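Visitor: Build the 3D model from these lines:
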Amino acid sequence: MPTLQDVTLEHSRRLSQIHKAREIESADAVLRRDVHLRSLASAAKAYDKFDEDVASARDKRTATEQKAAAARVAVLDGAIAERGEGLDRADAARRAADVAAMEARLNAEGNAERQYRDVMSAAGPTSPLADRQKMAREAERARRDGREAAQAAYAAALLAGQSGYRSGVDKAVLDERRVARDADRAYADAVRLADVALKTAVAAAERVLNNSLSALADARALVAACREELAAITESARRAETEEFERFRRELATVHS
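Guide: As a prediction, the model looks like this:
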């Protein structure tokens, strides 16, 4: 049993085939007309202008695409450079954090060691043995606690530095992807608009050509015949579209039932 998605996709495919067939048939009809009319001396001027207008429109489209492509490359190059700088900044920050953490650890361990020596120096030989032993145990415990605290702080600093590094790397990569995505979208939009402009210009050139050819006595009959053929092709495609939509509605009803 086909799903709603299957039915919709197949409907879109059939519609696309109808539109493609209409475009091919219309182009063939115009081509056959032009083959006959281009052989007429009276139509040479009209076709020369048409060819010139179409060539100019295509050149503009090409120039627009080239400009958009160059802009895209420039943006991507900038994004790649910025990503590299971002990675370098993240690495430099991590290295600096590691150095600072090591210095803090060594200072803390040094302080703990100096405090231990100070206590042991204060326990002179004239002090009772029990007092000296107690002071030694407390000093040793304080030194051990200080070293352990220094180690813990060092490990936490390294972890924080690594976390900051990963965040910096992620930001650099995500920023590059965002810029690249925007550049690709801008390029695609520019090309799409260039295609629309080209189609509009070609359609305008074709209207001018048809008007010029219709004014020629020896071309008028061929132009009228081509226009009728194009109208028949359009009507045939319209009927095919109507039948396709009716089929689509029936298939939808079957799916929902």
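Visitor: which ones are touching the closest residue to Lys60 other than its chain neighbours?
Guide: Computed as C-beta to C-beta, 6 or more residues apart in numbering, the closest residue to Lys60 that is not its neighbour in sequence is Ala197, at 7.1 Å. (Glycine included, C-beta is placed from N, CA and C.) For Ala197, the contact set (C-beta atoms under 8 Å, 6 or more residues apart in numbering) comprises Ala57, Lys60, Arg61, Thr64.
Visitor: so how far is Asp48 from the first one?
Guide: When C-beta to C-beta, to the nearest Å is applied, the distance between Ala57 and Asp48 equals 15 Å.
Visitor: of the two, who's got more company?
Guide: Taking Ala57 and Asp48 together and counting by other C-beta atoms under 10 Å, Ala57 has the greater number of neighbours (20 against 10).
Visitor: what helix or strand is the closest residue to the more buried one other than its chain neighbours on?
Guide: Computed as C-beta to C-beta, 6+ apart, the closest residue to Ala57 that is not its neighbour in sequence is Ala201, at 3.6 Å. Here Ala201 is covered by helix 129-214, with elements defined by DSSP states H and E.
Visitor: Would you mind checking the average pLDDT for that helix?
Guide: Averaged over helix 129-214, pLDDT sits at 93.
Visitor: How far off centre is that helix?
Guide: Computed by C-alpha atoms, centre = their mean, to the nearest Å, the chain-centroid distance of helix 129-214 equals 15 Å.
Visitor: So what's the gap between whichever helix or strand comes after that helix and the chain middle?
Guide: Heading C-terminal from helix 129-214, the first helix or strand you meet, by DSSP H and E, is helix 217-256. Relative to its parent chain, helix 217-256 has a centroid offset of 38 Å by C-alpha atoms, centre = their mean.
Visitor: buried residues in helix 217-256?
Guide: Across helix 217-256, burial judged by 16 or more other C-beta atoms under 10 Å covers Ala219, Leu222, Val223, Cys226, Glu229, Leu230, Ile233, Ala237, Ala240, Phe248, Glu251.
Visitor: likewise stretch 72-91?
Guide: Buried-residue list, stretch 72-91, by 16+ other C-beta under 10 Å: Arg72, Val75, Leu76, Ala79, Arg83, Gly86, Leu87, Ala90.
Visitor: Against Ala221, how distant is the first one?
Guide: From Arg72 over to Ala221 the distance is 50 Å, taken as C-beta to C-beta.
Visitor: likewise the last one?
Guide: Shown here: Ala90 relative to Ala221, a distance of 76 Å by C-beta to C-beta.
Visitor: Good, wrapping up.
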